[in-house]
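Enquirer: okay, sequence plus prediction incoming.
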Number of protein chains: 2
Amino acid sequence: MPRRENVSMSVIRRLPRYYRYLHRLKEKGVTRISSTELSAKLGLTASQIRQDLNCFGGFGQQGYGYIVSQLYDAIANILGLSNGYPTVLFGAGNLGRAIATHMSFRDEGFRLIGIFDKSPDRIGTRLASLPVRDVAEAEKFCRTERPVMAVFCVPPEAAAELSAMLYGIGIRNFWNFSHYSISMHYPDAVVENVHLNDSLMTLCYLISDKAASAPEK
Amino acid sequence: MPRRENVSMSVIRRLPRYYRYLHRLKEKGVTRISSTELSAKLGLTASQIRQDLNCFGGFGQQGYGYIVSQLYDAIANILGLSNGYPTVLFGAGNLGRAIATHMSFRDEGFRLIGIFDKSPDRIGTRLASLPVRDVAEAEKFCRTERPVMAVFCVPPEAAAELSAMLYGIGIRNFWNFSHYSISMHYPDAVVENVHLNDSLMTLCYLISDKAASAPEK
DNA sequence: TAGATTGTTAATCGATTAACAATC
DNA sequence: TAGATTGTTAATCGATTAACAATC
């Protein structure tokens, strides 16, 4: 994998889309695809796709295009999906349960090894083939099991406490569903935020705006 | 609300963050804030914040700053949060349940009026003070209740079917957690996608990339 | 009035698109 | 060889940052 110097977030966020689409193509038995075909299917420009891929190396063949399975594997490799980073999840409420069961962490580069909650009702139950543990045991567990990433499906106050503890024992990567701003407090942490409320408000804006700009009828 | 012509998505996606932070300030009893203070707290530049807000009008006062409650209300108004758009949700699995219970749709511009699932185990149960209905009744329900937005917490095949049906009866707005590409099939639909798998893969890239660029030790 | 901070214009930076030479 | 399509450079477009005049 040559090149790859400060690739922009815009490019990185498109990689999973390429990856998903190539997966479908593979399933359909398509072996070869050109940037033009890809662009039509994904609603991007061919130029952009070639530009994006060339951040990481030349995966195509002039006059021919890209070999689907080869490009698919290359992107999996770029994303690091075979790493299986050991992961702990905090919060076994509705969202935590959805994340734990819905996500096949394994296919996306992670391996769920521990789930924690503070509620006695939940502690001891099983979820995604794992026991839900008392969050009080989390520090001890993490010191021995050494997870690399933590998922936060907890309220902001809990996220504040937990990130302090986890940062303290060396965890630097977070998938954050809470509204606590981890990156603000730990600038060297790698944080991927998912703010569902923000997403919903954005949609509300778009709907309201459309209604405002198309007033008649 | 003056101005507002083709405001960019980058600006729109920052509005909920401003809104959330202003909410916290209000709670803390802060009445006044300058763009410089705001920028420090949010990790943006003061310039950007002023630029963003001025897409919608002049909410500040020279030499003074912004009145917290006034700006808060203005943003709520810009986002259209008081619209209470009637909304239906499809899929009462783990994710659907999380969305239905976790989200206070009301605070974010929507009003959940119907939940649908195809599984007999789930039909008839209650969720977020609503009965889970048979998806077979969805069309009839929507024809009479006229929801404005639909949430998809279903697999892609179901999303394909449902979007055809819903588009057919006039629904044009979607909060899409599935990997079915609504906008590709219905270009005039307003779609907010949430792709959790993509988010996770992006995080995997960032972790792998960090590891690669800081090799020693 | 003096100090502060906005609103807004101009400069910079980065990302996307277009074009085309290289080459399979 | 001719046709096709990449890799890559150059041109355009848009978003962010800087600067400063307006004004509270």
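Expert: Structure received. Numbers count the residues shown, from 1 in each chain, chains lettered A, B, ... in the order given.

Enquirer: alpha carbons only for contacts and neighbour counts from here, please
Expert: Fine.

Enquirer: tell me what A:Q61 is bridged to.
Expert: Applying DSSP bridges to A:Q61 gives these bridge partners: A:G65.

Enquirer: roughly how far does it sit from B:C204?
Expert: 28 Å (C-alpha to C-alpha, to the nearest Å).

Enquirer: the two: who's more crowded?
Expert: B:C204 (27 against 10; other C-alpha atoms under 10 Å in any protein chain shown).

Enquirer: which residues touch the helix or strand hosting that one?
Expert: B:C204 belongs to helix B:196-213 when elements are defined using DSSP states H and E. Under the criterion C-alpha atoms under 8 Å, 6 or more residues apart in numbering or on different chains, residues A:12-13, A:15-17, A:78-81, A:83, A:103, A:108-110, A:173, A:175, A:190-192, A:194, B:177 lie in contact with helix B:196-213.

Enquirer: go through that helix and flag the buried ones.
Expert: B:196-209 (16 or more other C-alpha atoms under 10 Å in any protein chain shown).

Enquirer: where is pLDDT lowest across these?
Expert: Ranked by pLDDT, the buried residues of helix B:196-213 bottom out at B:D209, which has 93.

Enquirer: what strands line up against the lengthiest strand in chain A, and which way round?
Expert: Looking only at chain A and at elements set by DSSP state E, the strand with the highest residue count is strand A:110-117. Note on strand A:110-117: by DSSP bridges, its sheet partners are strand A:85-90 (parallel), strand A:130-134 (parallel).

Enquirer: now whatever helix or strand comes next after the shortest one - C-alpha only, PDB.
Expert: With elements assigned by DSSP H and E, the helix or strand that comes after strand A:130-134 is helix A:138-145. As requested, the backbone C-alpha atoms of helix A:138-145 are provided in PDB (Å, rounded to 0.1, in the frame of the first residue of the first chain):
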ATOM      1  CA  ALA A 138     -14.600  -2.600  34.300                       C
ATOM      2  CA  GLU A 139     -11.200  -1.200  35.300                       C
ATOM      3  CA  LYS A 140      -9.900  -4.500  36.600                       C
ATOM      4  CA  PHE A 141     -11.200  -6.300  33.500                       C
ATOM      5  CA  CYS A 142      -9.600  -3.800  31.100                       C
ATOM      6  CA  ARG A 143      -6.300  -3.900  32.900                       C
ATOM      7  CA  THR A 144      -6.000  -7.600  32.300                       C
ATOM      8  CA  GLU A 145      -7.900  -8.000  28.900                       C
END
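
Enquirer: and helix A:138-145, which residues are buried?
Expert: Neighbour-count burial for helix A:138-145 [16+ other C-alpha under 10 Å]: A:A138, A:E139, A:C142.

Enquirer: name the residues that touch that helix?
Expert: A:F116, A:M165, A:L166, A:I169.

Enquirer: sitting in strands, which of the contacts of helix B:196-213 do you find?
Expert: Per DSSP E, those map to strands at A:F110, A:N173, A:W175, A:V190, A:V191, A:E192.

Enquirer: hang on, the first one packs against A:Y85?
Expert: Put plainly, it is A:F110. Yes. At 4.4 Å, A:F110 counts as touching A:Y85 under the criterion of C-alpha atoms under 8 Å.

Enquirer: what residue ranges in chain A score low on pLDDT?
Expert: In the predicted model of chain A, residues A:1-3, A:215-217 satisfy pLDDT under 70.

Enquirer: enumerate the residues of it near DNA strand C.
Expert: Within reach of DNA strand C by C-alpha under 7 Å from any atom of the strand, chain A has these residues: A:8-11, A:44-45, A:47-48, A:51, A:61-64.

Enquirer: does chain B sit close to stretch A:32-47?
Expert: Yes. Using C-alpha under 8 Å from any C-alpha of the partner chain, stretch A:32-47 reaches chain B at A:L42, A:G43.

Enquirer: can I get that stretch in PDB? Just the C-alpha atoms.
Expert: The C-alpha coordinates for stretch A:32-47 follow below in PDB (Å, rounded to 0.1, in the frame of the first residue of the first chain):
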ATOM      1  CA  ARG A  32     -14.700  -6.300 -13.400                       C
ATOM      2  CA  ILE A  33     -15.800  -2.700 -13.000                       C
ATOM      3  CA  SER A  34     -14.700   0.700 -14.300                       C
ATOM      4  CA  SER A  35     -14.700   3.900 -12.300                       C
ATOM      5  CA  THR A  36     -17.400   5.200 -14.600                       C
ATOM      6  CA  GLU A  37     -19.800   2.300 -13.800                       C
ATOM      7  CA  LEU A  38     -19.000   2.600 -10.100                       C
ATOM      8  CA  SER A  39     -19.600   6.300 -10.100                       C
ATOM      9  CA  ALA A  40     -23.000   5.900 -11.800                       C
ATOM     10  CA  LYS A  41     -24.100   3.400  -9.200                       C
ATOM     11  CA  LEU A  42     -22.800   5.400  -6.200                       C
ATOM     12  CA  GLY A  43     -23.800   8.900  -7.400                       C
ATOM     13  CA  LEU A  44     -20.300  10.200  -7.500                       C
ATOM     14  CA  THR A  45     -18.000  11.200 -10.300                       C
ATOM     15  CA  ALA A  46     -15.600   8.800 -11.900                       C
ATOM     16  CA  SER A  47     -12.800  11.300 -11.300                       C
END
